[in-house]
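[1] What would the 3D arrangement of this be:
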Amino acid sequence: MENLSRRRLLTLGAALGLAGVAAPAHARASTDTAAASGDGTGPQWIWDDLADPLMASMLENGHVPAINTAWESWVDNDDPLPAGLPAEFTAYLRQVNRLPSWADRAKLDRAADFNRRKDTYLFMLYGLGSGIMSTVIPREARSVYWSAGGANMQDRAAKTFTFGYDLSQLGAFGPQGQFVVTANKTRVVHAAVRHLLPQSPHWRAVADESVPISAADILVTFHSLGTYVHRKLLDWRVPFPAADQEAFLHSWQVAVHLLGVPDEHIPQTWAQAEAQSAQVLTPILTPTAEGIALAGELLGLTAQIDLGVTRGFLNEFVRYVLSDAVGDWLGLKRDYVSAALVRTAWPAYILFREGLSPVMPGAFYALDQMVRGLAMLFLNKGASGTTTPITVPTGNRAG
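    Modelled structure (predicted):
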């Protein structure tokens, strides 16, 4: 897997996801993000005071097509801001297009190196774990389904993949990296969706919120990605030194900050992240009609290429990395032969890859082919090359 292009990794999880040193000393990590705040200051009542009014104006005044054209060539972190943008949009980018003062570049580089070394496990967890988990996060599933991108999940996967890849590449936060730009584009897309989705009668009919993608919702997504993956790597006993764990957390802290979440609500330690996740993520997991449809589309995309494994094997791998309860919610048909194989072959696969066992499991090549095939599927509809540009939507799913 190390030889597989990094631009072909982490796609499926990023399709629905979407976001070291501790957070700054003055920031207090809140673990009370689920409870309603009487004074309206909790993250469930925080959206984006900078980006939201800006994008409402850009959409209402018809500037979004020009923005999408102008920023297509804005890729690397040290690229100058693109010409041809509305003046107020350029002023906004000047304000946010930078790392927080507390970012530690050495730890960000270490996190990127860790991602490179453990990409096989990360892809499978972000993909068949986090990506499918997000379909049983009701607010996320409904927002994705009824937004414009929900009508074409393969295209959405290719576009949203950019976030996962750029976060994981070597030098992601440096001048030649691309993640700061990608995070800024993603933050703008979130703001556009906040303006657009409340106009959708389909979304309003099922939503339990008046405005989507609050800071709390972004934290929920972080836990379905970073916190979940951290926990599973430990459960699988993948070698994960403390310094790598800290760096991995730090990369996510910076990512969440760049998406506009106030620092005081970003966990400072993995213990705080686990506590927050137990409060805001675990209790809300449940199926929805939209999530079931999205999961079916995502898993159905795998039929387009030869993965070397059956759909039953994929279903059982999802059950293995999430739970039988999630599998039942999503109607994933059981394949008990594959279930037994997954539960024996995957742990043996890890042991062999990590040099902890001299015995190569019989299913080693089948598992490798599955990982490679899934990774190659979603980037530019299976083609090699550069990632699909992130674009700002101008409408919602029609129905």
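
[2] got the contact list for residue 367?
    By C-beta atoms under 8 Å, 6 or more residues apart in numbering, the contact list for residue 367 reads 309, 345, 346, 349, 361. C-betas here are computed from N, CA, C, even on glycine.

[3] Repeat that for residue 197.
    Neighbouring residues of residue 197 by C-beta under 8 Å, 6+ apart: 143, 146, 147, 203, 207, 212, 396.

[4] Can you tell me which of the residues you listed is closest to residue 248?
    Taking C-beta to C-beta as the measure, residue 248 sits nearest to residue 143 out of the contacts of residue 197, at 26.5 Å.

[5] how close does the closest residue to the closest one other than its chain neighbours sit to residue 270?
    By the measure of C-beta to C-beta, 6 or more residues apart in numbering, the closest residue to residue 143 outside its immediate chain neighbours is residue 212, 4.6 Å from it. Distance check for residue 212 against residue 270: by C-beta to C-beta, to the nearest Å, it reads 28 Å.

[6] out of those two, which sits in the busier spot?
    A count of neighbours by other C-beta atoms under 10 Å puts residue 212 above the other of residue 212 and residue 270, at 23 against 19.

[7] got the contact list for that one?
    Neighbouring residues of residue 212 by C-beta under 8 Å, 6+ apart: 139, 143, 193, 194, 197, 198, 203.

[8] Where does the second one fall, secondary structure wise?
    Counting by DSSP states H and E, the element that carries residue 143 is helix 138-146.

[9] so where is the stretch 51-200 of the chain shaky, pLDDT-wise?
    By pLDDT under 70, the weakly predicted segments of the stretch 51-200 of the chain are 157-162.

[10] The same query, at a cut-off of 90, please.
    Within the stretch 51-200 of the chain, the stretches with pLDDT under 90 are 115-128, 131, 149-171.

[11] Give me the residues contacting stretch 51-59.
    Outside stretch 51-59, the residues that touch it by C-beta under 8 Å, 6+ apart are 63-64, 67, 86, 88-89, 92, 96, 187-188, 190-192, 194-196, 260, 392, 394.

[12] Helices along the stretch 101-250 of the chain, start to end?
    105-117, 119-124, 132-133, 138-146, 153-168, 179-196, 201-206, 215-222, 228-235, 242-258 (DSSP state H, counting those that start in this stretch).

[13] which of those is buried the deepest?
    By mean neighbour count, with neighbours taken as mean count of other C-beta atoms under 10 Å, helix 132-133 ranks first of the helices of the stretch 101-250 of the chain at a mean of 28.

[14] for that helix, the distance to its chain's centre please.
    Here the centre of helix 132-133 is set off from its chain's centre by 11 Å, with C-alpha atoms, centre = their mean, to the nearest Å.

[15] Output the contacting helices and strands for it.
    When contacts are defined as 3 or more C-beta pairs under 8 Å, 6 or more residues apart in numbering; DSSP states H and E, helix 132-133 packs onto helix 289-300.

[16] The helix it packs on to helix 138-146, inter-axis angle?
    Between helix 289-300 and helix 138-146, the angle comes out at 70 degrees (axes from the mean of the first three to the mean of the last three C-alpha atoms, to 10 degrees).

[17] And for helix 289-300, what's in contact with it?
    The contact list for helix 289-300, computed with C-beta under 8 Å, 6+ apart, reads 12, 15-16, 131-132, 135-138, 141-142, 144-146, 150, 153, 157, 206, 311, 314-315, 318, 329-332.
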